[in-house]
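Q: Just to be clear, the model below is a prediction. Sequence and coordinates:
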Amino acid sequence: MILAEKPSVARNIAEALQCKTKKTGYIEGENYIITWAFGHLLTLYDCKDYDPKLALWSFENFPYIPEKFKYKVKNDSKNRNIVDSGAKKQLEIIKYIVNRDDVADIIAATDFDREGELIALLIFNYLNISKPIHRILINEWTPTEIKKGLNNLKKNSEMKPLQDAGVSRQLADWVIGINFTSIATMKYTRGKGNLLNIGRVLMPTLKMIYDREMQIKNFKVEEFFELIATFKNEAGTYKGKFFYGKKDKFPNKQSIERLKDEIQGKDGIITEKTVEIKKENAPSLFNLSNLQGYVTSKFKGFTADKVLKVAQSLYEKKHITYPRTESTALEETIKDKAKNVLEVLKKNLPFKDEIVFNASKKVFNNEKVESHSAIIPTYIIPKNLTEDERIVYDSIKNRFISQFMPSAEYENTEIITSVQGENYERLFSTKGKILRVKGWLKLYDEDKKDELLPPVNKNDVVKMTEIKVASKKSKPPAHHTEKTLLKAMETCGKNSNSNDEDGEEESSVLYGYSIGTAATRAETINKLKYADYITTKGKSLLITDKGIKLVENFPLKELMDTDYTGRLEKKLYDVEKGNFKKEDFLNEIFAFTKNGVIKIKKIKAELICDTRGN
């Protein structure tokens, strides 16, 4: 029996293995029976399942940590008071298949990550399976990879570190969420319906949005001045900006006005002209955060969550590799596979001769791969994509092809024009940029506008036709967008002060030291919106009054500290790698929760929401 995470993946596996007999809840073939979950079929007990008195929130009942954590079939999404009948039925089908006499072995084929491992583990434990369990570990659901994976199965025992990490994450989030949501709601709100959602990943993410809001609110606008001159000769006209040393912005208007009066109407001479060819390489392959950032910033109507859902759909349809990855490079072992994919993709491109496979370290680098390689297309070319799927697929496809195309080349020109003042020469800088070789930019429709300069030369004399003082104001930092927030979460707030919406600067990420994972960050942003802690205006993420009050009044500052959360996530990563014990991680979480709840119960509280939810 092969257990897939979803029906769509099960169909891919069945197709690859020629299993054609469709039954209720599974597909049967000569050697394999393929069945599936619907993501999580099981969930942790609620507090009231352990003890009915916990259904009524009371300060006396918290902190609450069960002696033994138990699981049940998940509840119906529309009616939380009843069991999900589809999940219950599917578990019974899986149990029936497992117990069949002709089924000798079980193979887990859920997603190869912490959450996929947890989904399978909980089902196997719940059904108390005693038959041998194996694990297929592959990065895409194409027939070639499925067959390869079945020839290289792992034992279930080899997956224990990943399983421990999955369980640790789930229990930690339950304990922190249940205890602090309950105690904070009782302490800081009055009236029904004013739940204060507190979470291990939610709080530091909210704090980063709060910090940016405070930077903007407290920003002191400063006026500065620039001196701009227009020069002309028979070759053409251009503008230059006065500079002194490395400065071209000046705080004192009078001194700039005096300078303007000193040189107004005087001729200039071009003392320097430098021409430099600069190469621009394609950005690295996409990991999930960079893909979400790219698509949300370039295309209307996309959120990080929507990009993930579309990418997941493309993955399940066999068109792209596993999307929930932190890596921006490929494993060195898949060079041949990548070469084959490239040959398939470039076939009908007019500039296919410029697309040449090479095994560069930028693309193939084991040191830059964590668990999963970067996202790339598979050899299966899609047909009949939706518009959303086409946008995400083309983004991934073009980013992949761009790695094997020539650099774009720009000709950067700088002219220095000198005007003689009373005692000193005054220097003006003018810069031009021309795209000489499109290279990988041929994959994109965007027009890169040339900044043209007239064909003037060194030692040319030029007339000053105009000179003026320009008044400008310093700008505050921009609000976070989903793109900048995802980047900040990925790096635990490091490198997050940039206002650069287009940049995808490479940051040296310490794997595991982050807020959440590639798989959960979009969901965290959604939860912040749903909890009414943040709202959106265009692409900007703005904190609400409720969010501000929560950050300012919630006393456990560690829970909002990006460094503390990053260290916790790093420990989960170490559990996954077998370098840290699950028990030690959970004991730390339990102790933190108990102490935190006791601290909150003792302090005097300011209201965060009243009966109207304000």
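A: Looks like it arrived, so ask away.

Q: His319: neighbour count?
A: 25 (other CB atoms under 10 Å). Every C-beta, even on glycine, is put in place using the N, C-alpha and C of the backbone.

Q: Check the secondary structure at the nearest residue to it once chain neighbours are set aside for me.
A: Leaving out its chain neighbours, the residue that sits closest to His319 by CB to CB, 6 or more residues apart in numbering is Pro382, at 4.6 Å. Three-state call for Pro382 (DSSP: H, G, I helix; E, B strand; the rest coil): coil.

Q: what sits against Pro382?
A: Residues near Pro382 by CB atoms under 8 Å, 6 or more residues apart in numbering: Leu314, Lys317, His319, Glu389, Tyr393.

Q: repeat that with 10 Å
A: Going by CB atoms under 10 Å, 6 or more residues apart in numbering, Pro382 touches Leu314, Lys317, Lys318, His319, Ile320, Glu389, Arg390, Tyr393, Lys397.

Q: Of these - the most surrounded one?
A: Ranking those using other CB under 10 Å puts Ile320 first, with 27 neighbours.

Q: where's the residue nearest to that one when sequence neighbours are not counted, which helix or strand?
A: Of all residues not flanking Ile320 in the chain, Leu314 sits nearest, at 4.6 Å (CB to CB, 6+ apart). Using DSSP states H and E, Leu314 falls within helix 304-316.

Q: That helix packs against which elements?
A: Judged by 3 or more CB pairs under 10 Å, 6 or more residues apart in numbering; DSSP states H and E, the packing partners of helix 304-316 are helix 7-16, helix 288-298, helix 387-402, helix 482-490, helix 521-530.

Q: Could you export those helices as CSV, including distance to Ile106?
A: Formatted as CSV, the helices and strands packed on helix 304-316 follow (distance: least, CB to CB, whole Å):
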stretch, distance to Ile106
helix 7-16, 14
helix 288-298, 29
helix 387-402, 33
helix 482-490, 35
helix 521-530, 29
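
Q: Out of the ones you listed, which is the most enclosed?
A: helix 482-490 (a mean of 26; mean count of other CB atoms under 10 Å).

Q: Surely Glu583 touches Leu171?
A: No - using CB atoms under 10 Å, Glu583 is not in contact with Leu171, being 11.0 Å away.

Q: So for these two, which sits in the more crowded spot?
A: Relative neighbour count places Leu171 above the other of Glu583 and Leu171, with 19 against 11, counting by other CB under 10 Å.

Q: need the contact list for that one.
A: Leu44, Ile65, Pro66, Phe69, Lys582, Phe585, Leu586, Ile589, Phe590.

Q: can you pull the pLDDT of the fifth one?
A: Put plainly, it is Lys582. Lys582 is assigned 97 on the pLDDT scale.

Q: Over to the residue nearest to it when sequence neighbours are not counted: give its phi and psi.
A: Of all residues not flanking Lys582 in the chain, Asp164 sits nearest, at 4.0 Å (CB to CB, 6+ apart). Main-chain dihedrals, Asp164, degrees, to the nearest 10: phi -60, psi -40.

Q: Surely Asp164 touches Lys571?
A: No - using CB under 10 Å, Asp164 makes no contact with Lys571, being 11.5 Å away.
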